[in-house]
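**Q** Pasting the sequence and the predicted model now:
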Amino acid sequence: MSNNNINSETKNDDEILFVDEKSSVKNIDQNTAWKIMIVDDKEEIHNVTRLVLNDVTFKGQNLEFINAY
């Protein structure tokens with residue numbers, strides 16, 4: 001196989017990968033929040049976790065807490 005064929009094949013693969021990567025990007029709904037589950041049997045852990053993470057945003061979205069005691 002000549003160098004031209006190898007470069008041509010590599011270029012085609014790169015273009016295919018680029019298309020796949022671009023088409024797999026998902027839009028995040030800006031109206032939804034990231035859900036965080038706090039799992040502990042002590043209420044203090046839930047309160048402290050909420051206190052620390054209450055003002056945190058991730059990728060432009062707020063956090064929503066779900067409790068499991």
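**A** Yep, that arrived.
**Q** contacts for stretch 46-61?
**A** 28, 30, 32-34, 36, 38, 40, 63, 65, 67, 69 (CB atoms under 8 Å, 6 or more residues apart in numbering). Where C-beta positions appear, they are placed from N, C-alpha and C, glycine not excepted.
**Q** Just those residues: which are in strands?
**A** 34, 36, 38, 63, 65, 67 (DSSP state E).
**Q** Any regions of the chain where pLDDT drops low?
**A** The model of the chain has pLDDT under 70 over residues 1-31.
**Q** one step back: kindly reformat the contacts of stretch 46-61 as TSV containing distance to Arg50 and neighbour count.
**A** Formatted as TSV, the contacts of stretch 46-61 follow (distance: CB to CB, whole Å; neighbours: other CB atoms under 10 Å):
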residue	distance to Arg50	neighbour count
Ile28	23	11
Gln30	23	8
Thr32	19	10
Ala33	13	13
Trp34	14	14
Ile36	9	15
Ile38	8	16
Asp40	12	13
Leu63	9	15
Phe65	6	15
Asn67	9	14
Tyr69	14	10
